[in-house]
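*Asks:* What shape does this take:
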Amino acid sequence: MSAFCDAKENFSCETSSHIDEDINFNNLEFDCIILDSSDYEDNDTNQNDDVKVNLENLNEPLYPSSSNSGERVLKGKGFFRIYPLQQPLPEIRSFEQCVDFAEEASLTGKAVHGVKGPTELMKLYPNFDLVQSFVPDYMHAVLLGVVRQIMSLWIQTSSNDFSINQKSLRVLNHRILNIKFPQETTRKLRSTNEVLFWKASEFRILLSVSPIILKNLISKNVYNHWLLLAHGISLLLGNEVTTNDLEEAEFVLQKFVHGAKDIYGIQEQTYNMHLLLHLPQAVKSWGPLWAHSFYIYEGALGQLKQFHHGSRGEASQILSSYAMQSILKLFILQENIKNSRVHAYIQNVQQKRHSIIRNAKINNCVLLWLQNSIT
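*Replies:* Next up is the predicted model:
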């Protein structure tokens, strides 16, 4: 973390010496978003040794939201920390307060409101606000967090008022498997029998179509409560989010979080559930949820994983394979390839994202081939 902060400071210093005198470099700002990808329920160990500020607590209110806030309760075979909601909402901490807590923690040797001491990231203020820049991630906190959590409660329990019985579950699976998707859809919903293997995109589809496919399959109380989440998230995913949208989303999400305790029990007031309360402010500061979600990074990571073919030197393998693909793209643009087999081969390499495993240069000709593929 210190290397990141030092590099940013060095970039500012080195760049300023190469900028025209008429440009006021001090007015330039570097905005940085660090996404909080918390798709687990109890992440009080979510911190790096170099970052002494507990990342979980940065999204917590300054004061406990209820007498039970932070309490660990029994759930299944373990204990989990809960975050109940109490109105009115408590004050949200500021960066200045976080610095004060860090100083106090350094003097006393004890964490203060979750802050265990100073961090290198504090040096980046005001260009980087340690509190406001840790943004809850829609993909992990909502889809792989709350949506998966509630979905699991519905179908993996049978004796609760919110459970879906076997007859209704068969109807639900029939509806799911008969959804007509647009041709450009890359992923479709699978049966709830495979819900443990669902991807985030499947939970996203479920959240979108749930007002229709869940109708008359769960109790009216549970159904209306679920609609609060579906409606609130849909407002925050719009291409244009108005002030009225933010206010309405904040209202329905607070109502959803508060109602979850009565329907599912206090043990379901998880950290991901708590993060729903911070989504409207995140959208107000950083734009719609889709603009700063993990989807684009997870997609890029999936492509990079195709570029290595061994357990040693993964970084150099990825760099070499990616560079080779870039060269091939440039080659296609610049050269008039007349040989159809060569053209088809290069297209196959690009489309399937194969790594170039072997290459050789003979008489100024570069030969490229894939593993187990010599033609």
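
*Asks:* all contacts plus neighbour counts: C-alpha atoms, from now on.
*Replies:* OK.

*Asks:* Next, the contact list for Leu74, please.
*Replies:* Phe80, Gln267 (C-alpha atoms under 8 Å, 6 or more residues apart in numbering).

*Asks:* again, only this time at 10 Å
*Replies:* Contact partners of Leu74, counting by C-alpha atoms under 10 Å, 6 or more residues apart in numbering, are Phe80, Arg81, Gln267.

*Asks:* Just the closest of those to Ser340, please.
*Replies:* Nearest to Ser340 among the contacts of Leu74 is Phe80, at 60.8 Å by C-alpha to C-alpha.

*Asks:* who's that closest one bridged to?
*Replies:* Going by DSSP bridges, Phe80 is paired in beta bridges with Val73.

*Asks:* Can you get me a residue count around it?
*Replies:* 21 (other C-alpha atoms under 10 Å).

*Asks:* which residues in the stretch 1-150 of the chain form helices?
*Replies:* Secondary structure of the stretch 1-150 of the chain (DSSP state H, counting those that start in this stretch): helices at 2-16, 55-58, 95-108, 148-156.

*Asks:* Can you flag the weakest of these by average pLDDT?
*Replies:* With a mean of 49, helix 55-58 has the lowest mean pLDDT of the helices of the stretch 1-150 of the chain.

*Asks:* Was I right to think Ile150 contacts Trp226?
*Replies:* Yes - counting by C-alpha atoms under 10 Å, Ile150 touches Trp226, with 9.0 Å between them.

*Asks:* Which one of those two is surrounded by more residues?
*Replies:* Trp226 (20 against 15).

*Asks:* a strand runs through that one, doesn't it?
*Replies:* No - Trp226: not assigned to a strand; according to DSSP: H, G, I helix; E, B strand; the rest coil it is helix.

*Asks:* Common neighbours of Ile150 and Trp226, please.
*Replies:* Ala260.

*Asks:* ok, the closest residue to Leu319 other than its chain neighbours to Tyr297 distance?
*Replies:* Closest residue to Leu319 apart from its sequence neighbours, by C-alpha to C-alpha, 6 or more residues apart in numbering: Phe307 at 8.0 Å. Going from Phe307 to Tyr297 by C-alpha to C-alpha, to the nearest Å gives 16 Å.

*Asks:* and what of Pro136?
*Replies:* 15 Å.

*Asks:* Phe79 too?
*Replies:* 32 Å.

*Asks:* Same question for Glu71.
*Replies:* 34 Å.

*Asks:* So those two - more neighbours on which side?
*Replies:* Comparing Glu71 with Tyr297 by other C-alpha under 10 Å, the one with more neighbours is Glu71, at 14 against 11.
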